[in-house]
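A.B. asks: sequence and predicted structure, then a few things I'm wondering about:
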Amino acid sequence: ALATDGGRAPRRARRPMDTSGFPLSTHAAAATAYRLGVDRLLKVRAGAPQALRRSVALDPGFALGHAALALIGHECGADVDVSRALADARRAVRERADDYERSFVDVVSRRVLRSPADGDAALLRHLEEYPGDALALAVAVPTIAFSGLRDLDGTTALRVVERTAQAHGGGWFHTSLLAFMRQEQGRYDEAGTLAERALAAEPASGHAMHALAHVHYERGDHEAGRERLERWLAHQGRGGTHRAHFSWHAALHELALEDTAAVRRRWAEQLSPGKVHGVRALVDSGSLLWRARLAGAWQGPFPIGDVLDSAPAAVLERPATAFVALHAAIALTAAGDLAGLRRLRGPAP
């Protein structure tokens, strides 16, 4: 929009900003909804799809709102018509966008339509140009929300997190991701310190709590780890997504403590089919049953068939990522389903 000041030349009105401080090619109301959606994604909290849908309802020509919807539909399993959202983003970006927005839409387009390698390359180029983009950084790091960059040893994601540190200035989100990467390196003391620092700044940070859950488990601090997870889930984590995964972490502490009654209770109340759906049923519910069986902690009927019944057939036969393929294989193995294992095909190379 253009504004005039007396007889002076027209001046362009200041655009609203996104969560990371990049200008958005939309109006204030749509930008507010978009920021809320991205904030929910960064904190691993519920409500992101609804907020992003509101942003494009308020401004159907808002490219980043459509692109973010396509992204979470493709990578997070959100209930989104990915093809339509992506088509809307590509149309909108041709009509109204700056270089940053065009770059982000290109990243999403390549991750949805092209090979994983092409999608990763586009994401790395984008982060090289825009290292302060928190949403793009979230996509790059394999944690609880996104599958991340695909490499065999995880060093690419680590380098990206380290390289973008200055652009984020020690903010809670970047600190949360760095905590997770440090525990992946086995640097548990540092990871724990970083996670606590992030939680002090943003108590609802799901990424920081996830990193801390890993730290407690790897250190063998099972009582403290279970207590901390229970407290967080009851308070700051109440509005979180992936609650099943945090419950799974708590159940691992209970398995380590040989508290089989607590494991069965948690399964019934938080991880059984009906409580967990779709991919998370394989990743969390199925893998807990497998671990409980290996630990000799599950007596009586073994409900792995119920888990498989709750998962979409496409996930069991052609999972989108290697991570999901691994958990599909675990669940099928636990069920002794050789025919299902033969049908299972990994993600596209």
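C.D. replies: Everything's here; your move.

A.B. asks: please make it C-alpha for all contacts and neighbour counts, starting now.
C.D. replies: OK.

A.B. asks: just the pLDDT for residue 254.
C.D. replies: Looking at residue 254, its pLDDT reads 98.

A.B. asks: sorry, slip of the keys, the one I care about is residue 4.
C.D. replies: Residue 4 carries a pLDDT value of 37.

A.B. asks: what's the answer for residue 321, then?
C.D. replies: Note for residue 321: predicted pLDDT of 76.

A.B. asks: residues contacting the closest residue in space to residue 306 that isn't next to it in sequence?
C.D. replies: Leaving aside its sequence neighbours, residue 306 sits nearest to residue 273 (Cα to Cα, 6 or more residues apart in numbering; 6.5 Å). Applying Cα atoms under 8 Å, 6 or more residues apart in numbering, we find residue 273 in contact with 281, 285, 306, 307, 310.

A.B. asks: type out the ChimeraX command that picks the buried ones from the residues you listed.
C.D. replies: Restricted to buried positions by 16 or more other Cα atoms under 10 Å, the ChimeraX selection for the contacts of residue 273 reads:
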select :281,285,307,310
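
A.B. asks: quickly note the distance from the residue nearest the centre of the chain to residue 269.
C.D. replies: Closest to where the C-alpha atoms of the chain average out (Cα atoms, centre = their mean) is residue 145, at 1.0 Å. Separation of residue 145 from residue 269 (Cα to Cα, to the nearest Å): 23 Å.

A.B. asks: same check on residue 257?
C.D. replies: As judged by Cα to Cα, residue 257 and residue 269 stand 19 Å apart.

A.B. asks: how about residue 256?
C.D. replies: Look at residue 256 and residue 269: by Cα to Cα, they are 19 Å apart.

A.B. asks: residue 118 is in what secondary structure piece?
C.D. replies: Using DSSP states H and E, the element containing residue 118 is helix 116-129.

A.B. asks: need the next SSE after that helix, C-terminal direction.
C.D. replies: Scanning forward in sequence from helix 116-129 by DSSP H and E, the next helix or strand is helix 134-140.

A.B. asks: which residues touch that next one?
C.D. replies: Residues from elsewhere that reach helix 134-140 (Cα under 8 Å, 6+ apart): 19-20, 38, 41-42, 104, 120, 123, 126-127, 131, 145-149, 157, 160-161, 173-174.

A.B. asks: among these, which are in helices?
C.D. replies: Judged by DSSP state H, those include 38, 41-42, 104, 120, 123, 126-127, 157, 160-161, 173-174 as members of helices.

A.B. asks: how is this structure partitioned into domains?
C.D. replies: If you go by automatic domain parsing, the domain ranges for the chain are 12-169, 267-349.

A.B. asks: quick check: residue 131 touching residue 162?
C.D. replies: No: contact criterion Cα atoms under 8 Å: residue 131 and residue 162 do not qualify, at 10.5 Å.

A.B. asks: of those two, who's got more company?
C.D. replies: Ranked by neighbour count (other Cα atoms under 10 Å), residue 131 and residue 162 place residue 131 first, with 21 against 14.

A.B. asks: excluding chain neighbours, what is closest to that one?
C.D. replies: Closest residue to residue 131 apart from its sequence neighbours, by Cα to Cα, 6+ apart: residue 164 at 5.2 Å.

A.B. asks: repeat for residue 262
C.D. replies: Spatial nearest neighbour of residue 262, excluding adjacent residues (Cα to Cα, 6+ apart): residue 254 at 6.5 Å.

A.B. asks: neighbours of the one you found, how many?
C.D. replies: Residue 254 is flanked by 21 other residues according to other Cα under 10 Å.
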